[in-house]
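1. predicted model and sequence follow; I will ask about them next.
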Amino acid sequence: DFRIAQYEDMTPHYAKTLNIWSERFHDQLDRVRELGYSERFIRLWKYYLAYCEAGFAERYIGVGQMLLNKPGCRAVPPTPPLTKMHS
């Protein structure tokens, strides 16, 4: 009997996050190599980050967070979401 008290669609933010992760990974390639990771791994990881970023940017995949309450819950209302819920 849970009810949705809050939902936040974080999909657009996640595309940007993946882009930042990709940039940081690229900026640290020398360190990645020093840690012993192969060129094959580096190519695969770059591909993975780009593929996921595109999926989120095009809304082919998504991510959200829900807050569920039981009826009669006396919890303090949550803080406002970062984004408005889209229908």
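-> Alright, I've got the coordinates. No experiment lies behind these values; they were computed from the predicted model shown. Residues are numbered from 1 along each chain as shown.
2. work out the gap between stretch 20-37 and the centre of the chain.
-> Offset of stretch 20-37 from its chain centre (C-alpha atoms, centre = their mean, to the nearest Å): 20 Å.
3. for Lys70, give me its contacts.
-> Listed by C-beta atoms under 8 Å, 6 or more residues apart in numbering, the contact partners of Lys70 are Asp1, Phe2, Arg3. (C-beta placed from N, C-alpha, C; glycine too.)
4. which of those residues lies closest to Ala50?
-> Of all the contacts of Lys70, Ala50 sits closest to Phe2, with 36.8 Å by C-beta to C-beta.
5. and that closest one, how many neighbours?
-> Per other C-beta atoms under 10 Å, the neighbour tally for Phe2 reads 11.
6. kindly report the same for the one 4 residues further on.
-> Here the neighbour count serves as a burial measure; for Gln6 (other C-beta under 10 Å) it reads 15.
7. before we move on, what about Phe56?
-> By the criterion of other C-beta under 10 Å, Phe56 has 22 neighbours.
8. just the element for it, please.
-> helix 39-57 (DSSP states H and E).
9. just checking, what packs against that helix?
-> If you count contacts as 3 or more C-beta pairs under 8 Å, 6 or more residues apart in numbering; DSSP states H and E, helix 39-57 packs onto helix 11-27, helix 29-34.
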